[in-house]
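> only geometry, no sequence info:
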Ligand code: FES
């Protein structure tokens, strides 16, 4: 979907800025906003580029750098911590050969932590894109990542 198609889904009102930036970011396979995106949004809403850039760079939900095709978020809130979230995170770092907030060189995975995902009953938990995984162990994490890699190679 082009940026103009995305913009046309919203009224050109400044209060729609966050929703528009979110929709534009989601439309990119690399889950980020480019300077061209920010300029187009600024023009559409009749706002200055610096105002739009300021919002995009301030809000943690927006990314100005490319991210992986799949975003892995490991819960690091207390229930998951107690159930082994650190081991899960360490295993992911080991498998993917990246640290937290980094993207694999092939652009497939970005690894992040997040606060409670609301599924404490299946701690430790993580979400990959929109898919929730729980009761994680290092072995289970390895299988999940292998499954993603298998799917990608088809
Ligand atoms: S603490 Fe991890 S899902 Fe709630």
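Thanks, I have it. Just so it is clear, the structure is predicted and the values come from calculations on it, not from any experiment.
> these two touch, right, residue 63 and residue 33?
Yes. The pair residue 63 and residue 33 passes the contact test of Cβ atoms under 8 Å, sitting 6.8 Å apart. Where you see a C-beta, it was placed from the backbone N, CA and C, and this is true even at glycine.
> which one's more surrounded, the two?
residue 33 (22 against 18; other Cβ atoms under 10 Å).
> ok, now which ones touch that one?
Residues in contact with residue 33 (Cβ atoms under 8 Å, 6 or more residues apart in numbering) are 21, 24-25, 56, 62-64.
> which of those residues count as buried?
21, 24-25, 56, 62-63 (16 or more other Cβ atoms under 10 Å).
> how about those residues, which pair is most distant?
By the measure Cβ to Cβ, 24 and 63 form the most distant pair in these, at 11.4 Å.
> tell me the spacing between the residue lying farthest from the centre of the chain and residue 137.
Distance from the C-alpha centroid of the chain peaks at residue 46, with 28.0 Å (Cα atoms, centre = their mean). Distance, residue 46 to residue 137, by Cβ to Cβ, to the nearest Å: 53 Å.
> contact partners for the closest residue to residue 49 other than its chain neighbours?
Spatial nearest neighbour of residue 49, chain neighbours left out: residue 42 (4.7 Å); criterion: Cβ to Cβ, 6 or more residues apart in numbering. Contact analysis of residue 42 by Cβ under 8 Å, 6+ apart lists 48-49, 51-52.
> tell me the mean pLDDT over the helix or strand hosting residue 42?
In the assignment (DSSP states H and E), residue 42 maps to helix 35-45. Within the predicted structure, the mean pLDDT of helix 35-45 is 97.
> buried set for it?
For helix 35-45, the neighbour count (16+ other Cβ under 10 Å) marks 37-38, 40-42, 44-45 as buried.
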